[in-house]
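Student: need coordinates for the below:
(one chain, ligands or ions: 1)
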Amino acid sequence: MCGIVAYVGQQDAAPIIIKGLKRLEYRGYDSAGVALQNQAGLSVFKKKGKVAALEAELAGRDLHATIGMGHTRWATHGEPNDVNAHPHYSFHRKLAIIHNGIIENYATIKQALLKKGHSFQSETDTEVLGQFIEDIWENTPDASLEDAVRLALREVVGAYAIVVMSEADPTQLIAARKGSPLVIGVGNGEYFLASDATPIVEYTKDVIYLNDYEVAVITNDELRVTTLDNTLTTPYVHKIELELEAIEKGGYDHFMLKEIFEQPRSIADSMRGRVLADAGTIQLGGLRDYMDQLARSERIIILGCGTSWHAGLVAEYLFEELARIPVEVEYASEFRYRNPIINEGDIVIAISQSGETADTLAAIELAKSKGATIFGVCNVVGSSIARATDAGAYTHAGPEIGVASTKAFTAQVTVLTIMAIATAHRKGTITDALFRQLLVELEGIPDKVAKVLESAQKIRDIAYIFTYARNFIYLGRGMNFPVALEGALKLKEISYIHAEGYPAAEMKHGPIALIDEDMPVVVIATKDGSYEKVVSNIQEVKARKGRVIAITTEGDTNLPDMVDFTIEIPKVHDVLMPLISVVPLQLLAYDIAVMRGRNVDQPRNLAKSVTVE
Ligand code: G6P
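Tutor: A predicted model of the protein is given here:
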């Protein structure tokens with residue numbers, strides 16, 4: 001969702017900004033723009049559509065400038081068009097602003113400005129904020145632009161990451177954040193600003209994560225960070241480990257395909273140094289001091305959105321089955337607006353790939369205010385959720401660029417599995433023998449995922465047959481029920497085919513009415529505790545002429561005769577099955593979407609990182 005890039009230094013700013021905007025395309029957006037400052041003054045260019053459309057708009061212009069900023073907008077206030085795109089000039093055009101987030105009290109501020117004779121070009125809350133800053137700047141004796149930014153932001157309710165440029169001080173960028181991420185890259189005589197590190201990594205590995213309520217004033221040779229009440233702070237420079245190859249396609253047609261194929265490595269990375277089968281131990285550094293508390297907990301509440309919520313549902317089975325701790329899995333967006341009951345002894349686990357999802361962040365703050373201990377399971381190091389939680393474990397899946405989450409899901413499930421096994425072992429709810437067996441089996445998962453990936457061509461052939469479909473049903477039981485939900489979500493996200501995931505037995509209570517010869521039904525029918533029951537559910541579908549694609553366990557000779565297509569996956573212990581069974585569903589969704597000509601990595605209307613509620 002919305003992306004920010006800015007640059008100040010000695011180099012040509014425009015190409016750096018445009019390239020940076022392309023790196024941020026994965027976040028999801030519907031218009032783009034840049035502001036550049038040179039002898040001609042402060043110029044703004046913006047365009048509805050992709051960054052390529054903006055590039056076409058810029059072609060042939062003199063863009064020479066060593067300071068500038070760019071933005072990709074995911075529409076909230078007002079439709080995606082050229083006018084609503086950022087940057088926005090202020091009323092007297094003394095400044096330009098870009099903004100991620102939502103200014104909740106923008107209507108009140110707008111009313112006050114209208115009364116003063118202001119008028120507005122766009123429908124955005126961002127233009128209101130820009131005009132508000134300029135108005136304070138013009139009407140507060142001796143106030144610098146930096147002071148005006150600070151004064152304005154003290155009045156603002158909502159979330160923001162902003163960058164402001166002005167003609168009055170053509171060498172300076174002013175940036176501020178609350179609730180929306182902003183990373184500053186520290187170069188040699190130059191600084192970069194971005195919503196995440198991906199546009200920065202090819203120039204420098206030294207970054208500063210701006211904190212909430214901080215304002216940064218940046219020129220090519222100076223960075224000064226203060227709080228909203230003007231107290232100087234000392235920013236901490238982190239070394240990022242991100243490598244450029246991790247954010248490039250590396251020969252694959254799409255990031256999503258690359259990320260699906262990266263899973264043997266990403267799952268291994270999630271386990272590295274944590275699962276030590278030879279030594280018969282688990283090491284979870286980030287949770288070391290909290291493991292007793294987790295083992296003693298009377299209830300676990302899991303929070304997340306989208307795919308992360310599905311990982312939470314898998315964790316519910318894991319913690320209940322292995323550690324005998326009751327678990328509730330909550331949509332963060334619902335939890336935050338209830339008056340949830342959190343008792344002493346409860347643990348909250350927040351799951352988030354990006355670590356920036358607004359609803360999850362708000363749910364964490366609510367749980368915190370009720371005294372909960374909160375663990376984070378995040379992928380992005382240094383993200384807002386990682387910093388807002390008491391402790392946690394990073395998933396170490398590496399950057400996920402495809403909007404539809406794949407390797408982040410399996411990494412989340414891996415980490416949650418490790419947590420559940422470690423908790424169960426500490427509590428004594430599993431035997432030593434099972435503990436050791438699970439560690440050995442976990443270490444074998446990357447090879448088994450690689451084995452599933454060998455079926456890619458077979459899955460592509462099946463996908464081809466179902467490219468026509470308008471609906472899909474996904475069924476699974478037990479731990480494969482959340483996998484069915486995840487398979488359906490993948491398909492609808494990227495192919496725009498309507499798909500529903502159901503617990504297989506629940507089909508009789510409604511979805512069975514939809515089944516006819518045109519309805520493809522994907523059933524996860526692996527040899528586990530519910531195999532026989534799932535086979536009965538398949539019979540019910542076949543009796544109504546539904547077309548069944550079954551995910552089966554290697555060597556199952558029964559199902560191929562009963563269903564239309566089978567995709568075999570290796571046998572693993574029941575509690576580890578989701579790590580394997582989700583992979584063919586990711587490939588199926590990918591192939592169908594590609595065959596339907598969809599923009600797989602940037603599906604319509606979706607954002608990778610949902611920083612507004
Ligand atoms: C968006 C993404 C999903 C993701 C969800 C939660 O909807 O498109 O892929 O699962 O947000 O994101 P998070 O970063 O918190 O896991």
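
Student: all helices of the stretch 401-550 of the chain, in order?
Tutor: 407-427, 432-453, 456-465, 480-495, 531-543 (DSSP state H, counting those that start in this stretch).

Student: not counting sequence-adjacent ones, nearest residue to the residue of the stretch 451-600 of the chain found nearest the ligand?
Tutor: In the stretch 451-600 of the chain, the residue that lies nearest the ligand is E493 (7.0 Å; C-beta to the nearest ligand atom). For glycine as for every other residue, the C-beta is placed from the backbone atoms N, C-alpha and C. Closest residue to E493 apart from its sequence neighbours, by C-beta to C-beta, 6 or more residues apart in numbering: A404 at 4.7 Å.

Student: the one you found against L491, yeah?
Tutor: No: counting by C-beta atoms under 8 Å, A404 does not reach L491; the two are 9.3 Å apart.

Student: spit out the residues that contact the two alike.
Tutor: A589 (C-beta atoms under 8 Å, 6 or more residues apart in numbering).

Student: on that earlier part again, what about the residue nearest to E493, how many residues close to it?
Tutor: A404: 30 surrounding residues under other C-beta atoms under 10 Å.

Student: equivalent analysis for I240, please.
Tutor: Neighbour count for I240, taken as other C-beta under 10 Å: 17.

Student: next up, the contacts around it.
Tutor: The contact partners of I240, taken as C-beta under 8 Å, 6+ apart, are A197, V201, K205, D206, V207, V381.

Student: what separation is there between the third one and the ligand?
Tutor: If I follow you right, that is K205. Applying C-beta to the nearest ligand atom, to the nearest Å, the value for K205 to the ligand is 23 Å.

Student: so is G185 in a helix, a strand, or just coil?
Tutor: Applying DSSP: H, G, I helix; E, B strand; the rest coil to G185 yields a three-state assignment of strand.

Student: tell me what it is bridged to.
Tutor: Note on G185: beta-bridge partners by DSSP bridges are F192, V207.

Student: read off the pLDDT value for it.
Tutor: G185 is assigned 97 on the pLDDT scale.

Student: then A6?
Tutor: pLDDT recorded at A6 is 98.

Student: and the strands in the stretch 151-300 of the chain?
Tutor: Remark: strands assigned in the stretch 151-300 of the chain by DSSP state E, counting those that start in this stretch are 158-166, 173-178, 183-186, 191-194, 206-209, 214-219, 222-227, 232-233, 238-239, 275-276, 281-282, 299-304.

Student: wait, which of these is closest to I341?
Tutor: strand 299-304 (9.6 Å; C-beta to C-beta).

Student: which strands and helices sit next to that closest one?
Tutor: Judged by 3 or more C-beta pairs under 8 Å, 6 or more residues apart in numbering; DSSP states H and E, strand 299-304 is in contact with helix 306-318, strand 327-331, helix 332-335, strand 346-352, helix 358-369.

Student: other SSEs contacting the last one?
Tutor: The elements that helix 358-369 packs onto, with contact taken as 3+ C-beta pairs under 8 Å, 6+ apart, are strand 299-304, helix 332-335, strand 346-352, strand 373-378, helix 384-388.

Student: what parts of this protein come near the ligand?
Tutor: By C-beta under 6 Å from any ligand atom, the residues of the chain that approach the ligand are 305-308, 352-354, 357, 360, 403, 405, 606, 608-610.

Student: one step back: can you select the buried ones among the contacts of I240 for me in PyMOL?
Tutor: To isolate the buried ones among those in PyMOL, judged by 16 or more other C-beta atoms under 10 Å, type:
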select buried, resi 197+201+205+207+381
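
Student: and I174, what does it touch?
Tutor: Contact analysis of I174 by C-beta under 8 Å, 6+ apart lists L145, E146, V149, V163, V164, M165, V215, A216, V217, I218.

Student: contacting residues around the second one?
Tutor: The reference is to E146. E146 neighbours (C-beta under 8 Å, 6+ apart): I174, V215, V217.

Student: same question for the first one.
Tutor: In this structure, L145 makes contact with L95, I133, W137, V164, S166, A168, D169, I174, judged by C-beta under 8 Å, 6+ apart.

Student: tell me the one of the contacts of I174 nearest the ligand?
Tutor: Among the contacts of I174, and counting by C-beta to the nearest ligand atom, the member closest to the ligand is V163, at 23.0 Å.

Student: what's opposite that closest one in the beta bridge?
Tutor: Residues in beta-bridge contact with V163 (DSSP bridges): I98, A175.

Student: I'd assumed M69 was in contact with it.
Tutor: Yes: contact criterion C-beta under 8 Å: V163 and M69 qualify, at 4.9 Å.

Student: mind listing the shared neighbours of those two?
Tutor: Both V163 and M69 are contacted by I4, A6, I98, L173, L193, under the criterion C-beta under 8 Å, 6+ apart.

Student: could you point out which element follows the helix or strand hosting the first one?
Tutor: It refers to I4. Assigned by DSSP states H and E, I4 falls within strand 3-8. Tracing the chain C-terminally past strand 3-8 and defining elements by DSSP H and E, one meets helix 13-23 next.

Student: separation between the nearest residue to N605 once chain neighbours are set aside and P80?
Tutor: In this structure, N605 finds its nearest non-sequential neighbour in G28, 7.9 Å apart by C-beta to C-beta, 6+ apart. According to C-beta to C-beta, to the nearest Å, G28 and P80 sit 11 Å apart.

Student: quick revisit: partner strands of the strand holding I4, parallel or antiparallel?
Tutor: Strand pairing for strand 3-8, determined by DSSP bridges: strand 67-73 (antiparallel), strand 191-194 (antiparallel).

Student: how far does the helix or strand following the first one sit from its chain's centre?
Tutor: By that I understand strand 67-73. Once strand 67-73 ends, the next helix or strand along the chain (criterion: DSSP H and E) is strand 88-89. Distance of strand 88-89 from its chain centroid, counting by C-alpha atoms, centre = their mean, to the nearest Å, is 29 Å.

Student: same check, this time on stretch 22-41
Tutor: 21 Å.

Student: and stretch 155-168, by the same measure?
Tutor: Worked out by C-alpha atoms, centre = their mean, stretch 155-168 lies 24 Å from the chain centre.

Student: got it, and stretch 125-143?
Tutor: 33 Å.

Student: buried stuff in that stretch?
Tutor: 125-137.

Student: what lies in contact with it?
Tutor: 76-77, 86, 88-92, 94-99, 102-103, 106, 109-110, 113, 116, 118, 120-121, 144-145, 147-149, 151-152, 155-156, 158, 160, 162, 164.

Student: the same query, at a cut-off of 6 Å, please.
Tutor: By C-beta atoms under 6 Å, 6 or more residues apart in numbering, the list of residues contacting stretch 125-143 from outside reads 77, 86, 88, 90-91, 94-95, 97, 99, 103, 106, 109-110, 113, 118, 120, 145, 148-149, 151-152.

Student: between the contacts of I240, which is nearest R288?
Tutor: Distance from R288 was checked for each of these by C-beta to C-beta. The minimum falls on V381, at 18.2 Å.

Student: I'd like to know how far the closest one sits from S354.
Tutor: 11 Å.

Student: can you check G20 too?
Tutor: 18 Å.

Student: surely the residue of the stretch 451-600 of the chain closest to the ligand touches V403?
Tutor: No: counting by C-beta atoms under 6 Å, E493 does not reach V403; the two are 7.0 Å apart.

Student: what's the overlap in contacts for the two?
Tutor: What both E493 and V403 touch, as defined by C-beta under 6 Å, 6+ apart, is the set P603.
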